[in-house]
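Undergrad: what shape does this take:
(chains A and B)
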Amino acid sequence: LAKTTQPISMDSYEGQEVNITCSHNNIATNDYITWYQQFPSQGPRFIIQGYKTKVTNEVASLFIPADRKSSTLSLPRVSLSDTAVYYCLVGRSYGQNFVFGPGTRLSVLP
Amino acid sequence: DTGVSQDPRHKITKRGQNVTFRCDPISEHNRLYWYRQTLGQGPEFLTYFQNEAQLEKSRLLSDRFSAERPKGSFSTLEIQRTEQGDSAMYLCASRGPGFQETQYFGPGTRLLVL
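TA: Reported below is the predicted structural model:
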């Protein structure tokens, strides 16, 4: 299973765009990249998933370069309620478990 | 609400007691996962079911832990002779049969072993 590396923490202010980059140098051909958000005392919540190039939904965008060795989660115009831990995961979508790292703790300040 | 429910949400027990947690996945999801999460860490995989078959178990899952998924619907996770180190959040996730399906997590059961 591919290992991921992401910053332990980030600070931002309300209204700013936040970009969280994740490195996954050993990503395999069949691996997808998935991001989850987790608030305290809750289960992780799916944000976005992609395989290559760019994926956008109503919550975020995911940018994946051609070599797929990294990915960037982009949160537009964050609010205080976006304060959470964000996990980058790499794995086969049809496969078994995900391996979670410690995630990135995002703090949005007023 | 993801559609995955877990019961109970909180459990306090004394060391040495047995506890059982239940997970009800999204109804059409044939894959079910259990994770454990301690404070400040990401979730750690424990075990995985496809329908009623337990296909994978982590080395973290000691002999005191057992999981079942009768009839491929709800699942239970039992911890026998609990230890203080078992205190954690136990998360359940379910996943549909499709190729590009993601995991949907329940709210978790927080266990405190005194």
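
Undergrad: so where is chain A shaky, pLDDT-wise?
TA: A:1-2, A:92-97 (pLDDT under 70).

Undergrad: quick one: name the residues of it near chain B.
TA: A:32, A:34, A:36, A:41-46, A:49, A:85, A:87, A:93-94, A:96-103 (C-beta under 8 Å from any C-beta of the partner chain). Every residue, glycine included, has its C-beta placed from N, CA and C.

Undergrad: now, those residues that are in strands?
TA: A:Tyr32, A:Thr34, A:Tyr36, A:Arg45, A:Phe46, A:Gln49, A:Val85, A:Tyr87 (DSSP state E).

Undergrad: look at the closest residue in space to B:Arg31 that isn't next to it in sequence and say how many residues are nearby.
TA: Of all residues beyond its chain neighbours, the one nearest B:Arg31 is B:Arg95 (4.1 Å), with distances taken as C-beta to C-beta, 6 or more residues apart in numbering or on different chains. B:Arg95 sits with 22 neighbouring residues when counted by other C-beta atoms under 10 Å in any protein chain shown.

Undergrad: same thing with A:His24?
TA: Neighbour number of A:His24 under other C-beta under 10 Å is 21.

Undergrad: cool, and A:Ala66?
TA: 7.

Undergrad: and it, how far is that from chain B?
TA: For A:Ala66, the distance to chain B equals 20 Å [C-beta to the nearest C-beta, to the nearest Å].

Undergrad: that residue is in contact with A:Tyr51, isn't it?
TA: No: shown here, A:Ala66 and A:Tyr51 do not form a contact pair, counting by C-beta atoms under 8 Å, at 11.8 Å.

Undergrad: tell me who's in contact with B:Phe65.
TA: Taking C-beta atoms under 8 Å, 6 or more residues apart in numbering or on different chains, we find B:Phe65 in contact with B:Leu46, B:Leu77, B:Glu78, B:Ile79, B:Gln80.

Undergrad: so the second one is in which element?
TA: Just to be clear, that refers to B:Leu77. strand B:75-79 (DSSP states H and E).

Undergrad: quick one: strands adjacent to that strand?
TA: With DSSP bridges as the test, strand B:75-79 is paired with strand B:19-24 (antiparallel), strand B:65-68 (antiparallel).

Undergrad: chain center to the shortest one, what's the gap?
TA: On the basis of C-alpha atoms, centre = their mean, to the nearest Å, strand B:65-68 sits 9 Å off its chain's mean C-alpha point.

Undergrad: in it, what counts as buried?
TA: For strand B:65-68, the neighbour count (16 or more other C-beta atoms under 10 Å in any protein chain shown) marks B:Phe65, B:Ser66, B:Ala67 as buried.

Undergrad: got any ranges where chain B has weak pLDDT?
TA: B:99-100.
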